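Trainee: my questions are about this predicted structure, shown below with the sequence.
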Amino acid sequence: MYITGKGSPTPGGTMISTVQDLAAEALFVSHVQPSDEPSRTDVQDAVTATILRLGSDGCAAAVAAEFGDHPEAAVCRMGWARKQVAQIAPITQRTAATR
């Protein structure tokens, strides 16, 4: 059984990447910049700190504000954030699977 973004179970298939989406939003609104060339640990720490500070709703609201205020820059930054999160996701999934 897998959980969808709306919290309702769906049989079979793969898990909808709600966790990855939240992580990308958190990284997007964090202080970390692409020019920092962050390590995996830097990305994980930034995601955790931002989620603890803003919560999931706060991250989503901040992303929406940035897309409203600076859409061109926001598209580029979200692409970068998603790429960073995708690079750390396999480690997180493997860690969870071995528990």
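Mentor: Alright, I've got the coordinates. Numbers count the residues shown, from 1 in each chain.
Trainee: for the helix or strand hosting residue 65, buried residues please.
Mentor: With elements taken from DSSP states H and E, the one containing residue 65 is helix 40-69. Buried residues in helix 40-69, counted by 16 or more other CB atoms under 10 Å: 43-44, 46-47, 50-51, 54, 59-60, 62-63, 66-67. Backbone N, C-alpha and C define where each C-beta goes, glycine included.
Trainee: need these in TSV (columns: pLDDT).
Mentor: Converted to TSV, those look like this (pLDDT from 0 to 100):
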residue	pLDDT
43	97
44	96
46	98
47	97
50	98
51	97
54	97
59	97
60	95
62	97
63	97
66	97
67	97
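Trainee: just flag the most distant two among those residues.
Mentor: The distance between the two most remote of those (CB to CB) is 24.2 Å, for 44 and 67.
Trainee: thinking again about what came up before, so how far is the helix holding residue 65 off the chain centroid?
Mentor: 8 Å (CA atoms, centre = their mean, to the nearest Å).
Trainee: kindly report the same for stretch 37-47.
Mentor: The answer for stretch 37-47 is 11 Å, by CA atoms, centre = their mean.
Trainee: now stretch 66-74
Mentor: On CA atoms, centre = their mean, the centre of stretch 66-74 falls 17 Å from the chain's centre.
Trainee: what's in contact with that stretch?
Mentor: With CB atoms under 8 Å, 6 or more residues apart in numbering as the test, stretch 66-74 has contacts from 28, 29, 63, 75, 77.
Trainee: out of these, which are inside helices?
Mentor: 28, 29, 63, 75, 77 (DSSP state H).
Trainee: is it possible to get JSON lines of those residues that adds distance to residue 37?
Mentor: JSON lines is the format used below for the ones in helices among the contacts of stretch 66-74 (distance: CB to CB, whole Å):
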{"residue": "28", "distance to residue 37": "17"}
{"residue": "29", "distance to residue 37": "19"}
{"residue": "63", "distance to residue 37": "22"}
{"residue": "75", "distance to residue 37": "21"}
{"residue": "77", "distance to residue 37": "15"}
